[in-house]
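*Asks:* Any chance you could fold what I've pasted below:
(chains A, B, C, D, E and F)
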Number of protein chains: 4
Amino acid sequence: MADPTSRGFPDATRRNERARRAILAAALSLVDETGYPGLSIEALAGRAGVGKQTIYRWWPSKAAVLLDACQGLDEAHPDGPEPSPAPDTADLAADLKRMLRATVDELTGERYGPPLRALAAAAACDPVLAAGLTDRLLAPRHARFERRLRTARAAGELAADADLPLVTELLLGSLAYRWLMGRSVLGHADADALVDHVLRGVSAP
Amino acid sequence: MADPTSRGFPDATRRNERARRAILAAALSLVDETGYPGLSIEALAGRAGVGKQTIYRWWPSKAAVLLDACQGLDEAHPDGPEPSPAPDTADLAADLKRMLRATVDELTGERYGPPLRALAAAAACDPVLAAGLTDRLLAPRHARFERRLRTARAAGELAADADLPLVTELLLGSLAYRWLMGRSVLGHADADALVDHVLRGVSAP
Amino acid sequence: MADPTSRGFPDATRRNERARRAILAAALSLVDETGYPGLSIEALAGRAGVGKQTIYRWWPSKAAVLLDACQGLDEAHPDGPEPSPAPDTADLAADLKRMLRATVDELTGERYGPPLRALAAAAACDPVLAAGLTDRLLAPRHARFERRLRTARAAGELAADADLPLVTELLLGSLAYRWLMGRSVLGHADADALVDHVLRGVSAP
Amino acid sequence: MADPTSRGFPDATRRNERARRAILAAALSLVDETGYPGLSIEALAGRAGVGKQTIYRWWPSKAAVLLDACQGLDEAHPDGPEPSPAPDTADLAADLKRMLRATVDELTGERYGPPLRALAAAAACDPVLAAGLTDRLLAPRHARFERRLRTARAAGELAADADLPLVTELLLGSLAYRWLMGRSVLGHADADALVDHVLRGVSAP
DNA sequence: GAGTAATCGAGACGGTACGTCAGGTCTTCCG
DNA sequence: CGGAAGACCTGACGTACCGTCTCGATTACTC
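*Replies:* Predicted coordinates for the structure are as follows:
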């Protein structure tokens, strides 16, 4: 039943695309300027030149708006909506470092940094949002890592019993932890060290 | 004059200890009941039987109150204010698993879970708070792990060039990431798998 | 463009009449019960079942609310919104006494007494409010006296050079002075004595 | 029993005269600068370099402080604490005008104007204060007028049945009314016109 | 002079109200 | 009907003062 005519829901076919875009753009610019706590629905509506009701009609919370906006960022990427495939040279470590450095750049960049911080903050106290964030922003990024790791495992470069989602979380999770809580700004060296430790392990040879 | 009586700051010697305790206790119980977004200074003051000004006099934000409250939790631990020393048997992996399981219990427990989520959310958008959280709650926990790892490295169980703070962040950071964003509830098995992967590394032997 | 739609002012056409009435009624009842210093915007909003913002949107101060409420009292008078015309019998002194006795009754009555005291107090320190009070509550009352006096002067009963506004102020001003500062309660005899002295003068015949 | 040892009352003999003076002076200067509504006990204590309790110990309200301060103004008059006697030339009207012009100057002057406005405002809603204001500031001024009028009546210049307190109130009351509510600033001409009308009466000769 | 009792400056405290901001609902009018 | 606009009720914000209280440190009488 693809019938969206459930009563109580607005009719998406009549939606004003111009308003939608304006709201998402306003959300990103406001988070940039005033931070997440300063992002209010009223300011959002004002900046977007839109009535408040138009926001409430289509989104359950300002965090949901921001999530949509970030996803929009993904899709509007210069390389097109499809995420670039994971690099796949002969050197696994180098490939992973390349990917993790890009992640660092994303987290510390102007574009994704502020809204992602805001989403992380909101998701920490809102499981529904956390699920959305995971599924729509995080999952694609994890998937790229897992794909490259899977290739490596198939090639015998990785232990056969390596838990690839877990390995991905080792890389991205501890990176995120430092990004959110750490005192210092993330750099490429951090990414490299992370990859080295995760691949080689810590135990004495 | 090393006198820290900078004018403009209230005189800490005249502070009402009863009020301080009541505020910290109220903060914990309110976060438990209503969640962080529902924790308002007004409710806090009401619950603690205290004027709002008494909160604003001593803390810059509700997050700061919560941070103090969590530290109080640490100090009021049944085992006394001193953190229990890291276990140190012959089996490094077992020791780390024990410690990481305890961390899982802390994160998912009634006592620390809710306020820590709240602090993490607030810290994500507030660098000053993030620094406080890191220094006062996280640092002691990291230190325990690093101590045990240092012992192991001295005993030749770990690679001589292992970056111990980084290893600790691998364990605690990725655990925190799953705790905050993950869909599933953290369990002891997660802790064990984490330790195994980190120690052994992922590369094929 | 004679368009008075200066931006920044709320749109009066969308004003909620029910709320307006409730606020004015609440103001009168609260001044009655708690006195002017006890009349707080919060209590007013609570009593009227209205948000504070709805008061701040339309009035600059609680005194302005009270002034509107008193004017409303005038307009809701049993005799209709028009002030009863001044009595005009052949006996000027009797007519003035009748009017001044009515004024005494107004000042000492339940209806006008308390809010007028409050307005007088507020107006003493707020020139803008004083002007409003003068124009909207006092002026109509003065005008009735001046009308009767003008008739009398035209009939040759008064000195040709009598300053009628001044005479009115002699009557109403000194009455108000006793009402506000005097130890005793105003009575009809006071009104009569006032009229007699003002008409006859004090000099020996 | 002149024994002031009633428990609960402070011992006036141990009172700090320096503090008392500082408080009264601060009250006058603050009313001048910020107006009566802006005169707070805390600002008063701060300006006077005094603890709040020292004010609460000796005065029941800030209005009472102001009343004392105004009385102090009277006593510190350049001519000495005694009010100058009413002028008593052969010309009653001229004498009264002189006195009333002086009253106008007092009301509109820097010295008495602001605190008197404040006291009038407070007294309008506080009968106890009104009594104090009447007895301690107003009564002496009324008495001067009544003395001069009594002399005139004894000399046959006034009607034998003239009610002298009432006449005084005609002059001072209507003057005060204009001072508090009027749009224009009081001037000597107002005083003169008042005296003329009150003496001659308004009725046609 | 030493003891002692009250005043004094200071300011923390539990409160009340302030005036503002924003949330989410609602109504009105326009396209 | 969707959308812009914005009034409405609600509730929290952070601040200003209230009047009470407790704390040493004078200060001034009593013994």
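
*Asks:* CA only for contacts and neighbour counts going forward, please
*Replies:* Will do.

*Asks:* contacting residues for A:Pro115?
*Replies:* Applying Cα atoms under 8 Å, 6 or more residues apart in numbering or on different chains, we find A:Pro115 in contact with A:Leu28, A:Val31, A:Asp32, A:Tyr36, A:Leu66, A:Cys70.

*Asks:* The third one belongs to a helix, doesn't it?
*Replies:* It stands for A:Asp32. Yes: counting by DSSP: H, G, I helix; E, B strand; the rest coil, A:Asp32 is part of a helix.

*Asks:* that older thread, can I get the buried part of the contacts of A:Pro115 as one ChimeraX selection?
*Replies:* Buried residues within the contacts of A:Pro115, by 16 or more other Cα atoms under 10 Å in any protein chain shown, are selected in ChimeraX with:
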select /A:28,31,32,36,66,70
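
*Asks:* From DNA strand E, how far off is A:Val128?
*Replies:* Noted for A:Val128: a distance of 14 Å to DNA strand E, by Cα to the nearest atom of the strand, to the nearest Å.

*Asks:* That residue is in what secondary structure piece?
*Replies:* In this assignment (DSSP states H and E), A:Val128 forms part of helix A:127-133.

*Asks:* Now find how far off-centre that helix is within its chain.
*Replies:* Remark: helix A:127-133 is offset 12 Å from the chain centroid, using Cα atoms, centre = their mean, to the nearest Å.

*Asks:* Can you give me the buried ones in the very next helix or strand once past it?
*Replies:* Downstream of helix A:127-133, the first helix or strand assigned by DSSP H and E is helix A:139-154. By 16+ other Cα under 10 Å, the buried positions in helix A:139-154 come out as A:Arg141, A:His142, A:Arg144, A:Phe145, A:Glu146, A:Arg148, A:Leu149, A:Arg150, A:Ala152, A:Arg153.

*Asks:* hmm, back to that, list the helices and strands the helix holding A:Val128 packs on?
*Replies:* If you count contacts as 3 or more Cα pairs under 8 Å, 6 or more residues apart in numbering or on different chains; DSSP states H and E, helix A:127-133 packs onto helix A:62-75, helix A:113-124, helix B:164-181.

*Asks:* As JSON lines, the ones you listed with distance to B:Ala94 and mean pLDDT would be great.
*Replies:* Below are those laid out as JSON lines (distance: least, Cα to Cα, whole Å; pLDDT from 0 to 100):
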{"stretch": "helix A:62-75", "distance to B:Ala94": "40", "mean pLDDT": "91"}
{"stretch": "helix A:113-124", "distance to B:Ala94": "30", "mean pLDDT": "94"}
{"stretch": "helix B:164-181", "distance to B:Ala94": "14", "mean pLDDT": "96"}
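
*Asks:* Now do the contacts for A:Arg153.
*Replies:* For A:Arg153, the contact set (Cα under 8 Å, 6+ apart) comprises A:Ala159, A:Ala160.

*Asks:* Skip the chain neighbours and tell me the closest residue to the residue of chain A found nearest chain B.
*Replies:* The minimum distance from chain A to chain B, using Cα to the nearest Cα, falls at A:Gly201 (3.1 Å). Distances taken as Cα to Cα, 6 or more residues apart in numbering or on different chains place B:Gly201 nearest to A:Gly201, at 3.1 Å, with adjacent residues excluded.

*Asks:* per-domain residue ranges of chain A.
*Replies:* A:14-58, A:92-200 (automatic domain parsing).

*Asks:* quick one, which of the ones you listed is nearest to D:Pro127?
*Replies:* domain A:14-58 (48.5 Å; Cα to Cα).

*Asks:* Mind checking if the closest one is in reach of chain C?
*Replies:* No: counting by Cα under 8 Å from any Cα of the partner chain, chain C has no neighbours in domain A:14-58; the shortest distance is 14.5 Å.

*Asks:* so does that domain get close to DNA strand E?
*Replies:* Yes: residues of domain A:14-58 contacting DNA strand E under Cα under 7 Å from any atom of the strand: A:Gly38, A:Leu39, A:Ser40, A:Ile41, A:Glu42, A:Ala43, A:Lys52, A:Gln53, A:Tyr56.

*Asks:* Pull the number of nearby residues for the third one.
*Replies:* Residue crowding around A:Ser40 was assessed by other Cα atoms under 10 Å in any protein chain shown; the count is 15.

*Asks:* same thing with the last one?
*Replies:* Here the count is done by other Cα under 10 Å, and A:Tyr56 has 13 residues near it.

*Asks:* helices or strands up against the host helix or strand of it?
*Replies:* Element membership for A:Tyr56 (DSSP H and E) is helix A:52-58. Secondary-structure packing of helix A:52-58 (3+ Cα pairs under 8 Å, 6+ apart): helix A:41-48.

*Asks:* Go through the helix it packs on and flag the buried ones.
*Replies:* Neighbour-count burial for helix A:41-48, with 16+ other Cα under 10 Å as criterion, is recorded at A:Ile41, A:Leu44, A:Ala45, A:Arg47, A:Ala48.

*Asks:* tell me the pLDDT at the third one?
*Replies:* The pLDDT attached to A:Ala45 in the predicted structure is 94.

*Asks:* what sits against it?
*Replies:* By Cα under 8 Å, 6+ apart, A:Ala45 lies in contact with A:Ile23, A:Gly51, A:Lys52, A:Ile55.

*Asks:* how does it look with 6 Å?
*Replies:* Going by Cα atoms under 6 Å, 6 or more residues apart in numbering or on different chains, A:Ala45 touches A:Gly51, A:Lys52.

*Asks:* Can you give me the distance of it to A:Thr54?
*Replies:* For A:Ala45, the distance to A:Thr54 (Cα to Cα, to the nearest Å) stands at 8 Å.

*Asks:* One more: the fourth one?
*Replies:* Separation of A:Arg47 from A:Thr54 (Cα to Cα) stands at 13 Å.

*Asks:* and the closest residue to A:Ala64 other than its chain neighbours, how many neighbours does it have?
*Replies:* Spatial nearest neighbour of A:Ala64, chain neighbours left out: A:Leu129 (7.1 Å); criterion: Cα to Cα, 6+ apart. Using other Cα under 10 Å, A:Leu129 is surrounded by 20 other residues.

*Asks:* wait, A:Leu129 sits on A:Ala123?
*Replies:* Yes: A:Leu129 is in contact with A:Ala123 according to Cα atoms under 6 Å; the separation is 5.2 Å.

*Asks:* can you pull the contacts of the residue of chain A closest to chain B?
*Replies:* Residues near A:Gly201 by Cα under 6 Å, 6+ apart: B:Val198, B:Leu199, B:Arg200, B:Gly201.

*Asks:* Apply 7 Å and report the result again.
*Replies:* B:Val198, B:Leu199, B:Arg200, B:Gly201, B:Val202 (Cα atoms under 7 Å, 6 or more residues apart in numbering or on different chains).

*Asks:* Which one among those residues sits at the bottom for pLDDT?
*Replies:* For those, the least confident entry is B:Val202, with 67.

*Asks:* measure the residue nearest to A:Ala64 to chain C for me?
*Replies:* Distance of A:Leu129 to chain C, given as Cα to the nearest Cα, to the nearest Å: 32 Å.

*Asks:* and if you look at A:Leu175?
*Replies:* Between A:Leu175 and chain C the distance is 46 Å, computed by Cα to the nearest Cα.

*Asks:* Now do that residue: how many residues are near it, please.
*Replies:* Neighbour count for A:Leu175, taken as other Cα under 10 Å: 25.

*Asks:* same thing with the one 10 residues further on?
*Replies:* Taking other Cα under 10 Å as the neighbour definition, A:Val185 ends up with a count of 11.

*Asks:* is it true that it lies in a strand?
*Replies:* No: going by three-state DSSP, the assignment for A:Val185 is coil, not a strand.

*Asks:* So what does it look like in phi/psi?
*Replies:* When read as degrees, to the nearest 10, the backbone of A:Val185 gives phi -80, psi 140.

*Asks:* What's the separation between it and A:Leu129?
*Replies:* The gap separating A:Val185 from A:Leu129 is 26 Å, by Cα to Cα.

*Asks:* swap in A:Lys52?
*Replies:* According to Cα to Cα, A:Lys52 stands 21 Å off from A:Leu129.
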